[in-house]
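Visitor: the following comprises the amino acid sequence and a computationally predicted model.
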Amino acid sequence: MAIANNMVVALEYELRDKATSEILDSNVGEPALEFITGRNHIIPGLEREILKLNLNDSAQVIVAAKDGYGEFDEMAIQQVPIEQFAGIELQVGMPLYGQAEDGSTIQVTIRDFNDAEAIVDYNHPLAGKELLFDIKILGLREPNAEEDLTGQISREDDGCCGSERGHGGCGCGH
């Protein structure tokens, strides 16, 4: 079965920094990453290549920075008054999460700080990196009606939240 837009894909992946071969992320040996194609759930360069594959295919995909997390932008490094971090014990390299003007969640990294200000990097941690993915398509199906409507993968068959079997262990408070 060929992959097309608006399909649920179950993906196994290992992500490396192409320049250093350092493993940056992986779900090998863990549950598959599931997403709906055409919904901007994954970076565009990876999704474009996945749409060329079929169920059970494996591939090595190189994603340029511009098609991944964007080019590194020096203008995205800013000085912020230290008062904005009241109650937070800052450390160089520390990731922090905040809210962008559009309401989305953003991650920033503390580059440096002193008693008056912090140097904050608003670039994504993988900005400017050429990425190397080793992927395998483990599953492929049409989205159910709820998934098609919401764009979110439903977990109706996993015995968790919302099912008769969902009695804890899934982080849903049952």
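Guide: Happy to help now that I have it. Residues are numbered from 1 along each chain as shown.

Visitor: leaving out the residues flanking it, which one is nearest to H41?
Guide: Among residues not flanking H41 along the chain, F35 sits closest, at 3.8 Å (CB to CB, 6 or more residues apart in numbering). (C-beta placed from N, C-alpha, C; glycine too.)

Visitor: same thing with I106?
Guide: Nearest to I106 is A100, by CB to CB, 6+ apart, at 4.7 Å.

Visitor: just checking, the one you found touches Y122?
Guide: No: taking CB atoms under 8 Å as the definition, A100 is not a contact partner of Y122, at 9.2 Å.

Visitor: more crowded one of the two?
Guide: Y122 (17 against 9; other CB atoms under 10 Å).

Visitor: wait, the more buried one touches V108, no?
Guide: Yes: in this structure Y122 lies within contact range of V108 using CB under 8 Å: 5.4 Å.

Visitor: spatially central residue in the chain, please.
Guide: When CA atoms, centre = their mean is applied to the chain, the residue found nearest the centroid is I42 (6.5 Å).

Visitor: contacting residues around that residue?
Guide: L33, F35, I50 (CB atoms under 8 Å, 6 or more residues apart in numbering).

Visitor: and those residues, which of them are in strands?
Guide: If you go by DSSP state E, the contacts of I42 have L33, F35 in strands.

Visitor: who touches T37 in this structure?
Guide: Taking CB under 8 Å, 6+ apart, we find T37 in contact with I3, A4, N5, N6, M7, V9, E47, I50, L51.
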